[in-house]
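Asks: need a structure here:
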Amino acid sequence: MDIDVNKPELNETVEKEVVSKNFIEQIIDKDIAEGHCKKVATRFPPEPNGYLHIGHAKSILLNSGLAKKYDGTFNLRFDDTNPTKEKTEFVESIIEDVKWIGGDFEDRLFFASDYFEHMYEGAVKLIKKGKAFVCDLSAEEIREYRGTLTEPGKNSPYRDRSIEENLDLFERMKNGEFPDGSKVLRAKIDMSSPNINMRDPVIYRVARMTHHNTGDTWCIYPMYDFAHPIEDAIEGITHSICTLEFEDHRPLYDWVVRELEYENPPKQIEFAKMYLTNVITGKRYIKKLVEDGIVDGWDDPRLVSISALRRRGFTPESIRLFMELCGVSKSNSSVDYAMLEYCIREDLKLKANRVMAILDPIKLIITNYPEGQVEYLEAMNNQENEEMGTREVPFSRELYIEREDFMIEPPKKYFRLFPGNEVRLMNAYFVTCTDYKTDEAGNVTEVYCTYDPETKSGSGFNARKVKGTIHWVSAPHAIKAEARLYENLVDEEKGVYNEDGSVNLNPNSIVVSECFVEPSLQGVKAFDRFQFLRNGFFCVDCKDSTGEKLVFNRIASLKSSYKPA
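Replies: Below is the predicted model of the structure:
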């Protein structure tokens, strides 16, 4: 199981193991040994009709990883044969995503639309060979003639048109002489084939659509199953790696490259898709969520598009580790989202600064600490990685602490602040709760404590122990910010979709809180990542955060339900 050949440092234990080759690598090894290919060439061929999601990351890393492993080439090619759904916006987002995740296509960026003339010539060649014909049946009639899984289809009444008539009609289709949908070009294969994809499939249709790349040059467009193998053959792709739903299309893929007489035709290999539990990946569902204003665009951090994961704070390394853990197989399976969160924790735990932030603040006042006095206390940037050094944090008479760190009447084994109890303020002093204040509704607004100057952290004090340690932020120095706490966008108990196809939305998928963070976070930049002590891993939002108002997205909490095998 080896998607990313250059495994991240965080996965050193995997690097040291001898990993057996996956079935795709075994096929490639055999092809090289038998002389079927000299240099491996792979590609990632998205249709630019939406943003990429986590499932596409598997294909990107698999294809680019194989090219790297075999010292071959990796192309990014847009399968842009359906202009009704395609946009330049999607093209640009896909290029950015592929680069970010580590799919290095260098200067090999291609478009299927660049080959439209070549595809047209290929269709003409099939007509001349008696392997394609122009058909006047409507789409509904073609479906009726196709037959079923248990019954063969029947020939179109137009199947035996002469080569000359087909050539004339196809050229007139290209010249725009016929209305949209009135005629199609079909491959002439076998209407009794047990594989329905081989029952004289449509390979060209009349459609007057403005294309994002070719404009209004064409009014006929090739179908995907015809265009895709041609694109691979033109680019010299040796191994066309795709997901399992294309397995039944492979005979047609092979037929096209064989009939068009390409030398060294590509070999199609299918692998299993990766499914994440309780997430939305369908483009039409996401499109509706965006259009209805339920999410903040295709990169809303609650989604699992690659751009959404990047905005939320996931790293390329964490996604590569996730794909390695998932592996490559021929069997479809589902993966818990908790595994993805495990991977980002593993990546960030040794490289993210650990800072103090208060998400639900109440004020703590140290009544015997001198008013106006400020101390700068040393704090480690990462307790598990001493090489990250230390920083100084200001300490004063008035602090903010988490509301959950104080209780008036605590349960048993509650070791944080309550009247009469002593705790350690992280990196600072022991404090003892002496009093508190509430508002008219009974909510605690202020907690009063005294401190013991002899208990300063690092002083060597060990005369007594305390069971609780809480974090804090100096009130006069605190930076006010916004923290966005994300939960699953869908209601996990009900499942993703209702019977009518609508989405079961979780009304509490985002909780926004005004928080206070320590002053070391002044001047942070988009995508900077931190561990907020006891609260989780957070990332500076790339769209909404400004110098005047910092916005942090919670990437993942510190607790995990996933345990690696």
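Asks: where in this structure is pLDDT low?
Replies: For the chain, applying pLDDT under 70 flags the ranges 1-19, 565.
Asks: just checking, what packs against the biggest helix by length in it?
Replies: What stands out as the longest helix in the chain, according to DSSP state H, is helix 54-69. Contacts of helix 54-69 with other secondary structure elements, assessed using 3 or more CB pairs under 8 Å, 6 or more residues apart in numbering; DSSP states H and E, are made with helix 23-33, strand 41-44, strand 73-78, helix 88-101, strand 239-243, strand 274-276, helix 306-312, helix 316-326. No exception for glycine: its C-beta is placed from N, CA and C like everyone else's.
Asks: The third one pairs with which strands, parallel or anti?
Replies: The one in question is strand 73-78. Next to strand 73-78 in the sheet, as set by DSSP bridges, lie strand 41-44 (parallel), strand 109-111 (parallel).
Asks: any idea which of the ones you listed is most buried?
Replies: With neighbours defined by mean count of other CB atoms under 10 Å, none of those is more surrounded on average than strand 41-44, at a mean of 24.
Asks: what's the offset of that one from the middle of its chain?
Replies: Averaging C-alpha coordinates over strand 41-44 and over its chain gives two centres that are 20 Å apart (CA atoms, centre = their mean, to the nearest Å).
Asks: can you list the residues that contact it?
Replies: Contacts with strand 41-44, where a contact means CB atoms under 8 Å, 6 or more residues apart in numbering, come from 56, 59-60, 63-64, 66-67, 72-77, 98, 103, 105, 232, 235-241.
Asks: sorry, back to before: please convert the helices and strands packed on helix 54-69 to JSON lines, extending it with distance to Met407.
Replies: Putting those into JSON lines (distance: least, CB to CB, whole Å) gives the following:
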{"stretch": "helix 23-33", "distance to Met407": "57"}
{"stretch": "strand 41-44", "distance to Met407": "54"}
{"stretch": "strand 73-78", "distance to Met407": "56"}
{"stretch": "helix 88-101", "distance to Met407": "44"}
{"stretch": "strand 239-243", "distance to Met407": "52"}
{"stretch": "strand 274-276", "distance to Met407": "38"}
{"stretch": "helix 306-312", "distance to Met407": "32"}
{"stretch": "helix 316-326", "distance to Met407": "36"}
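Asks: mind checking which of these is nearest Gln373?
Replies: The stretch from the helices and strands packed on helix 54-69 with the least distance to Gln373 (CB to CB) is helix 306-312; that distance is 40.1 Å.
Asks: Contacts only, for His53.
Replies: For His53, the set of contacting residues under the criterion of CB under 8 Å, 6+ apart consists of Thr281, Leu303, Val304, Ser305, Ile306.
Asks: about what we covered before: who wins for proximity to Tyr451 among the helices and strands packed on helix 54-69?
Replies: Nearest of the helices and strands packed on helix 54-69 (CB to CB): helix 306-312, 38.6 Å.
Asks: tell me what the closest one is packed against?
Replies: Helices and strands in packing contact with helix 306-312 are listed as helix 54-69, helix 88-101, strand 550-556; criterion 3+ CB pairs under 8 Å, 6+ apart.
Asks: dump the residue contacts of Arg172.
Replies: Listed by CB under 8 Å, 6+ apart, the contact partners of Arg172 are Phe178.
Asks: my bad, should have said Pro45
Replies: Counting by CB under 8 Å, 6+ apart, the residues that Pro45 touches are Arg77, Phe78, Asp79, Ala112, His228, Glu231.
Asks: Now with 7 Å, please.
Replies: Arg77, Asp79 (CB atoms under 7 Å, 6 or more residues apart in numbering).
Asks: Mind putting the strands paired with strand 73-78 into JSON lines with distance to Ile27?
Replies: What follows is the strands paired with strand 73-78, written out as JSON lines (distance: least, CB to CB, whole Å):
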{"stretch": "strand 41-44", "distance to Ile27": "12"}
{"stretch": "strand 109-111", "distance to Ile27": "24"}
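Asks: Okay, strands next: where are they in the stretch 251-400 of the chain?
Replies: Listed in chain order, the strands of the stretch 251-400 of the chain (DSSP state E, counting those that start in this stretch) span residues 267-271, 274-276, 333-335, 353-355, 357-358, 361-366, 375-380, 390-395, 398-402.
Asks: wait, which of the ones you listed is closest to Lys87?
Replies: When the strands of the stretch 251-400 of the chain are compared (using CB to CB), the closest one is strand 274-276, at 25.3 Å.
Asks: Tell me the strands beside the closest one, with direction?
Replies: Sheet pairing of strand 274-276 (DSSP bridges) gives strand 333-335 (parallel).
Asks: Going by neighbour count, which residues of the strand it pairs with are buried?
Replies: Along strand 333-335, these residues count as buried under the neighbour rule (16 or more other CB atoms under 10 Å): Val335.
Asks: Run the chain-centre distance for that strand.
Replies: Relative to the mean C-alpha coordinate of its chain, strand 333-335 is positioned 15 Å out (CA atoms, centre = their mean).
Asks: From the rest of the structure, what touches that strand?
Replies: Strand 333-335 is contacted by residues Ala272, Met274, Tyr275, Leu276, Thr277, Cys326 when judged by CB under 7 Å, 6+ apart.
Asks: can you put the residues you listed in a markdown table and add neighbour count and distance to Trp472?
Replies: As requested, these are exported to a markdown table (neighbours: other CB atoms under 10 Å; distance: CB to CB, whole Å):
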| residue | neighbour count | distance to Trp472 |
| --- | --- | --- |
| Ala272 | 16 | 49 |
| Met274 | 23 | 42 |
| Tyr275 | 14 | 43 |
| Leu276 | 19 | 37 |
| Thr277 | 15 | 38 |
| Cys326 | 19 | 40 |
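Asks: Select, from those, the two members most distant in space.
Replies: Based on CB to CB, the longest span within the contacts of strand 333-335 runs between Ala272 and Thr277 and measures 15.3 Å.
Asks: the helices in the protein, which residues?
Replies: Under DSSP H, the chain gives helices at 12-16, 23-33, 54-69, 88-101, 116-128, 139-146, 163-174, 224-234, 250-259, 283-291, 306-312, 316-326, 337-348.
Asks: Just want the angle from the fifth one to helix 250-259.
Replies: What that stands for is helix 116-128. Orientation note: helix 116-128 sits at an angle of 90 degrees relative to helix 250-259 (axes from the mean of the first three to the mean of the last three CA atoms, to 10 degrees).
Asks: just the angle between helix 116-128 and helix 224-234, please?
Replies: Orientation of helix 116-128 against helix 224-234 (the same axes, to 10 degrees) gives an angle of 110 degrees.
Asks: contacts for stretch 209-224?
Replies: Counting contacts by CB under 7 Å, 6+ apart, the residues outside stretch 209-224 that touch it are 79-81, 83-84, 86-88, 111, 113, 116, 119, 173-174, 176, 202-208.
Asks: about what we covered before: how about the helices of the chain in TSV, adding distance to Met388?
Replies: Shown next, in TSV, are the helices of the chain (distance: least, CB to CB, whole Å):
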stretch	distance to Met388
helix 12-16	18
helix 23-33	38
helix 54-69	28
helix 88-101	24
helix 116-128	54
helix 139-146	62
helix 163-174	64
helix 224-234	47
helix 250-259	51
helix 283-291	38
helix 306-312	23
helix 316-326	17
helix 337-348	12
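Asks: Let me know whether Ser182 touches Arg208 as I believe.
Replies: No. Contact criterion CB atoms under 7 Å: Ser182 and Arg208 do not qualify, at 11.6 Å.
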